[in-house]
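A.B. asks: okay, sequence plus prediction incoming.
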Amino acid sequence: MSDFDHYDCPNCGESFAAHPSARAADTGYCSPACQTAGEGY
Ligand SMILES: [Zn+2]
């Protein structure tokens with residue numbers, strides 16, 4: 001049920017929970033927008 005891990009977004013610093021299989025767990029960003037901003041695309 002609660003097999004979510006916690007991550008800290010390197011862009012906005014937000015702590016968020018994401019399932020280990022989710023994309024957010026791969027990127028470490030809380031949202032696609034933060035991934036874009038953080039990676040400078
Ligand atoms: Zn973020």
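C.D. replies: Nice, I can see it.
A.B. asks: drop to CA atoms for contacts and neighbour counts, all remaining ones
C.D. replies: Noted.
A.B. asks: for Pro20, helix, strand, or coil?
C.D. replies: coil (DSSP: H, G, I helix; E, B strand; the rest coil).
A.B. asks: mind checking pLDDT for it?
C.D. replies: For Pro20, the pLDDT comes out at 93.
A.B. asks: test my guess that it contacts Tyr7.
C.D. replies: No - with contacts defined as Cα atoms under 8 Å, Pro20 does not count as touching Tyr7, sitting 10.0 Å away.
A.B. asks: would you mind listing what in this protein touches the ion?
C.D. replies: Residues of the chain lying near the ion by Cα under 5 Å from the ion: 9, 12, 30, 34.
A.B. asks: mind giving me the ChimeraX command for buried ones among these?
C.D. replies: Restricted to buried positions by 16 or more other Cα atoms under 10 Å, the ChimeraX selection for those reads:
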select :9,30,34
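A.B. asks: how about the helix or strand of the chain with the lowest mean pLDDT: buried residues?
C.D. replies: In the chain, no helix or strand scores lower on mean pLDDT, DSSP states H and E than helix 23-27, which sits at a mean of 85. By neighbour count on 16+ other Cα under 10 Å, the buried set for helix 23-27 is 24-25, 27.
A.B. asks: ranges for the helices of this protein?
C.D. replies: 23-27, 32-39 (DSSP state H).
A.B. asks: I'd like the ones you listed as a markdown table, with distance to Ser2 appended.
C.D. replies: Converted to a markdown table, those look like this (distance: least, Cα to Cα, whole Å):
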| stretch | distance to Ser2 |
| --- | --- |
| helix 23-27 | 15 |
| helix 32-39 | 23 |
